[in-house]
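Q: the sequence and its predicted three-dimensional model are supplied below.
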Amino acid sequence: MTHLFTRSFPLEDISVVSDGDGRTVEAYAAVFDTPTEISDADGHYMEVIGRSAFDKTVSERGTRLPVFYNHGRTLHGQSSERGSVPIGSPLEVRVDGRGLYTRTRYHRTPLADEILEAIREGSIRGQSFSGRFLQSTPARVPRARRGGELPTVTRTEIRLTEYGPTPIPAYEGAEILGVRSLVDRLGGLSEEERAELIAALTTTVTTPEPGAGANTDTPVEGAVTDEPTAGHSGPSLTRVQARARLMQKGILL
């Protein structure tokens, strides 16, 4: 018997497409080849999603998948009557070299409007899916040995149930690549301007360790800042300024 699982990805590149009315959202629901520590009903292990894991389910269901906010549940994991209503319809669901790409048209409902605004403002940056792991290598999760390395399990076939945005992503390790692809496919920008925007949107914060000297920096993974780092050769734009520039050009809405 297979169990229903959920996986979430913290992706900075979830974005609202400039398509006239700004109701189309692009995001990845899953990322391949990203070992991630998991502790669930199967045990404690490292999980990798294989590159062919979604091939069958996408060919069978594709754009017929439902789209829910936070799997139709509250933040406490309870069923939500309001959240159980689909917030959008898939326009495109496909597998590419990075992962499971989705392009979704959001409905004109109060809940969908609230989520779209949160995505535009950057307070929702995660995309998630639920489904069943039909095939894995190895077939059963080995027991982790005390003091040893965690076993690795590769999910080779996944049957999707649904996908959608989530406010609290739990699946770590997704690289911030979508901003780069978003900017790179735009016309009318110089190479310098593209590089500047990408650097501002994807840079991380560095902060001194407690008690460390002023010149000792420790990276804070996934963090962003709205202020340029003094004395640092980082991006000349802040994240907020970069987003504002993209909005002015009609790239982000």
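A: Right, received. Where do you want to start?
Q: could you use CA atoms for every contact and neighbour count after this?
A: Will do.
Q: the helix or strand hosting residue 89 packs against which elements?
A: Taking DSSP states H and E as the definition, one finds residue 89 inside strand 88-95. When contacts are defined as 3 or more CA pairs under 8 Å, 6 or more residues apart in numbering; DSSP states H and E, strand 88-95 sits against helix 55-60, strand 99-106.
Q: which of the ones you listed comes out lowest on mean pLDDT?
A: Of all those, mean pLDDT reaches its minimum on strand 99-106 (a mean of 91).
Q: ok and that one relative to strand 88-95, angle-wise?
A: 160 degrees (axes from the mean of the first three to the mean of the last three CA atoms, to 10 degrees).
Q: mean confidence score for the helix or strand following strand 99-106?
A: Next helix or strand after strand 99-106 toward the C-terminus (DSSP H and E): helix 110-121. Across helix 110-121, pLDDT averages out at 90.
Q: buried residues, helix 110-121. List them.
A: 111, 112, 115, 116, 119, 120 (16 or more other CA atoms under 10 Å).
Q: cool, and stretch 137-145?
A: residue 141.
Q: before we move on, back to that, just the helices and strands packed on strand 88-95: most buried one?
A: Each of these was scored by mean neighbour count; the highest is strand 99-106, a mean of 21, by mean count of other CA atoms under 10 Å.
Q: which strands or helices does it pack on?
A: When contacts are defined as 3+ CA pairs under 8 Å, 6+ apart, strand 99-106 sits against strand 24-31, strand 88-95.
Q: quick check: can you name the pairing partners of that strand and their directions?
A: strand 24-31 (antiparallel), strand 88-95 (antiparallel) (DSSP bridges).
Q: restricting to C-alpha, output the last one in PDB.
A: Only the C-alpha atoms of strand 88-95 are listed here, as PDB (Å, rounded to 0.1, in the frame of the first residue of the first chain):
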ATOM      1  CA  GLY A  88      -6.600  27.900 -10.500                       C
ATOM      2  CA  SER A  89      -6.400  25.800 -13.600                       C
ATOM      3  CA  PRO A  90      -3.100  24.400 -15.000                       C
ATOM      4  CA  LEU A  91      -2.200  25.900 -18.400                       C
ATOM      5  CA  GLU A  92       1.000  23.800 -18.700                       C
ATOM      6  CA  VAL A  93       2.600  21.000 -16.600                       C
ATOM      7  CA  ARG A  94       5.800  19.600 -18.000                       C
ATOM      8  CA  VAL A  95       9.100  18.000 -17.000                       C
END
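Q: good, we can wrap up now.
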